[in-house]
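Peer 1: fold the following and give me the result.
(chains A and B)
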Amino acid sequence: GAVVSQHPSWVICKSGTSVKIECRSLDFQATTMFWYRQFPKQSLMLMATSNEGSKATYEQGVEKDKFLINHASLTLSTLTVTSAHPEDSSFYICSARTLSGRAGYNEQFFGPGTRLTVL
Amino acid sequence: QKEVEQNSGPLSVPEGAIASLNCTYSDRVSQSFFWYRQYSGKSPELIMSIYSNGDKEDGRFTAQLNKASQYVSLLIRDSQPSDSATYLCAVKNTNAGKSTFGDGTTLTVKP
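Peer 2: Residues are numbered from 1 along each chain as shown, chains lettered A, B, ... in the order given. Here you go, the predicted model:
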């Protein structure tokens, strides 16, 4: 249980285009999903917290107009990188939190990640 | 001071040894504690969660929590080369909407 999928797993795009990444919780309902970005050999960086049916909460320094997050249902959240540039190339990982897990609660499960390369 | 601190490593142990990974946190009202394993180029994988003081064992992994000292650790017994990865500590308090992650400790198990 507690499987999170992401699509696509990798994407290459031209500078200036927009890219949408989907995150789905496959076997549980996730009222809260998180979007992270990770550059090579660096730590996870939380970009935003997404709650179903409400606006996402962005971390300081993350442009909400550039990284559009939609959490339309209890099993789906999307991140759209608008007008992507080479500096946006990174590993984007979503995570969904369970209300009750196999051993407890508040467990957070990660999707496999999306590797974005902007040319 | 970071909210969640881990030794960055790298930590190197021989195959079969015990690997000890440590994590301290600053928020006293933290109630949920997690250890994740992240292989290079992959996303983190939850391996242990602990909520009460004391030890929790799962196979070769033991998590230890000491809320008074604000300290949580992960022991890996009989370390294998396949355990070589970065281990992330995460902490959450009831009122927070998010877990706070440490920067991770890189473990290398040498055959």
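Peer 1: how about the residues of chain B by chain A?
Peer 2: For chain B, the residues in contact with chain A (C-beta under 8 Å from any C-beta of the partner chain) are B:32, B:34, B:36, B:41-46, B:49, B:51, B:88, B:90, B:92, B:97-99, B:101, B:103-104. Using the backbone N, CA and C atoms, a C-beta is placed for each residue, glycine as well.
Peer 1: among those, which are in strands?
Peer 2: The strands, defined by DSSP state E, take in B:32, B:34, B:36, B:45-46, B:49, B:88, B:90, B:92, B:101 from the residues of chain B next to chain A.
Peer 1: of the residues you listed, which is the nearest to B:G16?
Peer 2: B:E45 (22.8 Å; C-beta to C-beta).
Peer 1: next, the contact list for the closest one, please.
Peer 2: Neighbouring residues of B:E45 by C-beta atoms under 8 Å, 6 or more residues apart in numbering or on different chains: A:110, B:36-38.
Peer 1: now pLDDT too, for those residues, in TSV please.
Peer 2: Formatted as TSV, the contacts of B:E45 follow (pLDDT from 0 to 100):
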residue	pLDDT
A:F110	94
B:Y36	96
B:R37	97
B:Q38	96
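Peer 1: that older thread, which among the residues of chain B next to chain A end up buried?
Peer 2: B:32, B:34, B:36, B:43-44, B:46, B:49, B:88, B:90, B:92, B:98-99, B:101, B:103-104 (16 or more other C-beta atoms under 10 Å in any protein chain shown).
Peer 1: so among these, where is pLDDT lowest?
Peer 2: Model confidence across those bottoms out at B:K98, which has 81.
Peer 1: residues near the nearest residue to B:Q6 once chain neighbours are set aside, how many?
Peer 2: Using C-beta to C-beta, 6 or more residues apart in numbering or on different chains and skipping residues adjacent in sequence, the residue nearest B:Q6 is B:G102, 3.9 Å away. Neighbour count for B:G102, taken as other C-beta atoms under 10 Å in any protein chain shown: 27.
Peer 1: B:G102 against B:T86, yeah?
Peer 2: No: B:G102 lies out of contact with B:T86 (C-beta atoms under 8 Å); the separation is 10.2 Å.
Peer 1: ok, the buried ones among the residues of chain B next to chain A vs B:K2, which is closest?
Peer 2: Lowest distance from B:K2 to those (C-beta to C-beta) belongs to B:D103, with 7.7 Å.
Peer 1: show me the shaky parts of chain A.
Peer 2: A:1, A:99-105 (pLDDT under 70).
Peer 1: and the strands in it?
Peer 2: Using DSSP E, strands in chain A cover A:4-7, A:10-13, A:19-25, A:32-38, A:45-51, A:57-58, A:67-73, A:76-81, A:90-97, A:108-110, A:114-118.
Peer 1: dump those strands to CSV, plus distance to chain B.
Peer 2: Shown next, in CSV, are the strands of chain A (distance: least, C-beta to the nearest C-beta, whole Å):
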stretch, distance to chain B
strand A:4-7, 8
strand A:10-13, 11
strand A:19-25, 11
strand A:32-38, 6
strand A:45-51, 5
strand A:57-58, 7
strand A:67-73, 13
strand A:76-81, 14
strand A:90-97, 5
strand A:108-110, 4
strand A:114-118, 8
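Peer 1: follow-up on the earlier one: between B:G102 and B:T86, what contacts are shared?
Peer 2: By C-beta under 8 Å, 6+ apart, no residue touches both B:G102 and B:T86.
Peer 1: so what's A:G111 closest to, chain neighbours aside?
Peer 2: A:Q6 (3.7 Å).
Peer 1: ok so, going back, let me have the ones in strands among the residues of chain B next to chain A in CSV, adding distance to B:V4 as columns.
Peer 2: Shown next, in CSV, are those (distance: C-beta to C-beta, whole Å):
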residue, distance to B:V4
B:S32, 12
B:F34, 11
B:Y36, 12
B:E45, 18
B:L46, 16
B:S49, 15
B:L88, 9
B:A90, 7
B:K92, 10
B:F101, 6
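Peer 1: alright, I will stop here.
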